[in-house]
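Visitor: can't give you the sequence, but here's the structure:
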């Protein structure tokens with residue numbers, strides 16, 4: 001069996017379907033710790049997206065992380081690429097979504113994840129008194145001294161639980177939600193437990209766990225006490 005020929009035939013079939021009933025997307029590929037912009041596009045492609053791998057076109061999206069299948073008219077796709085929907089006056093109710101490629105297997109449609117938030121990652125400031133004797137400030141690290149590691153990455157982020165308790169135990173404490181995040185790996189950056197997260201609404205979190213999966217990164221994060 002000619003594997004390369006089979007792959008090209010499968011890609012041709014997906015591309016033909018996308019050209020007929022798909023919509024336009026901009027393909028972007030992260031090169032560093034910053035989320036790529038539309039102006040950094042690799043190509044403009046036709047893409048057909050459906051919750052079903054058989055592309056029946058009858059299943060609406062449901063609540064939860066949006067794992068979807070995509071037929072696209074190119075073989076130049078890598079895991080971690082972003083696909084940004086382009087407006088089309090000929091397609092009603094087309095949402096301006098951004099997806100990332102979660103998994104790419106030969107002869108099969110892409111597995112993609114629809115994103116819903118942009119987040120940045122920070123490393124807490126390093127104390128200058130690590131090698132001296134004395135007391136440290138009880139306030140701990142502050143945001144103004146944090147070092148930004150990665151900025152404005154698009155992710156799928158949903159709350160798992162809203163009943164987490166604050167460690168301070170004060171009567172004015174609010175429940176600290178636990179959030180689940182799916183995202184691609186970030187070039188040049190390794191995420192780890194304890195890093196802090198801030199979203200575009202200025203909500204703050206810190207990472208509890210980082211799991212590297214065959215479908216990208218899965219993070220569990222906890223809201224910081226306001």
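Guide: That came in fine, so what should we check first? Note that the structure is a prediction, hence the values are computed from the model and not measured.
Visitor: Give me the phi and psi for the nearest residue to residue 161 once chain neighbours are set aside.
Guide: Once flanking residues are discounted, residue 161 sits nearest to residue 178: 4.4 Å by C-beta to C-beta, 6 or more residues apart in numbering. Backbone N, C-alpha and C define where each C-beta goes, glycine included. Backbone torsions of residue 178, given as degrees, to the nearest 10, read phi -110, psi 130.
Visitor: ok, now residue 87?
Guide: Taking degrees, to the nearest 10 as the convention, residue 87 sits at phi -60, psi 150.
Visitor: That one and residue 95 touch, don't they?
Guide: No. Taking contacts as C-beta atoms under 8 Å, residue 87 lies outside contact range of residue 95: 9.7 Å.
Visitor: I'd like to know how far residue 90 sits from residue 24.
Guide: To residue 24, residue 90 is 11 Å away according to C-beta to C-beta, to the nearest Å.
Visitor: Assign the residue positioned nearest the centre of the chain to helix, strand or coil.
Guide: In the chain, the C-alpha nearest the mean C-alpha coordinate belongs to residue 155, at 2.4 Å (C-alpha atoms, centre = their mean). Secondary structure, DSSP: H, G, I helix; E, B strand; the rest coil: residue 155 is strand.
Visitor: List the beta-bridge partners for it.
Guide: Taking DSSP bridges as the rule, residue 155 bridges to residue 117.
Visitor: elements contacting whatever helix or strand residue 48 lives in?
Guide: Assigned by DSSP states H and E, residue 48 falls within strand 43-50. For strand 43-50, the packing partners by 3 or more C-beta pairs under 8 Å, 6 or more residues apart in numbering; DSSP states H and E come out as helix 3-21, strand 23-28, strand 66-72.
Visitor: Would you enumerate the residues in contact with the residue nearest to residue 195 when sequence neighbours are not counted?
Guide: Excluding the flanking residues, the one nearest residue 195 by C-beta to C-beta, 6+ apart is residue 207, at 4.9 Å. Applying C-beta atoms under 8 Å, 6 or more residues apart in numbering, we find residue 207 in contact with 191-197, 219-221.
Visitor: what does residue 184 give?
Guide: So residue 184 contacts 30, 79-80, 100-102, 216-217 (C-beta under 8 Å, 6+ apart).
Visitor: Which of the helices and strands in this structure ranks last by mean pLDDT?
Guide: helix 3-21 (a mean of 57; mean pLDDT, DSSP states H and E).
Visitor: now the end-to-end length of stretch 186-195.
Guide: End-to-end distance of stretch 186-195 (C-alpha to C-alpha, to the nearest Å): 14 Å.
Visitor: Stretch 185-192 too?
Guide: Length of stretch 185-192, first residue to last, C-alpha to C-alpha: 12 Å.
Visitor: in that stretch, what's buried?
Guide: 186, 191 (16 or more other C-beta atoms under 10 Å).
Visitor: Quick check: the gap between the nearest residue to residue 61 once chain neighbours are set aside and residue 107.
Guide: Of all residues beyond its chain neighbours, the one nearest residue 61 is residue 51 (6.3 Å), with distances taken as C-beta to C-beta, 6+ apart. Residue 51 sits 20 Å away from residue 107, taking C-beta to C-beta as the criterion.
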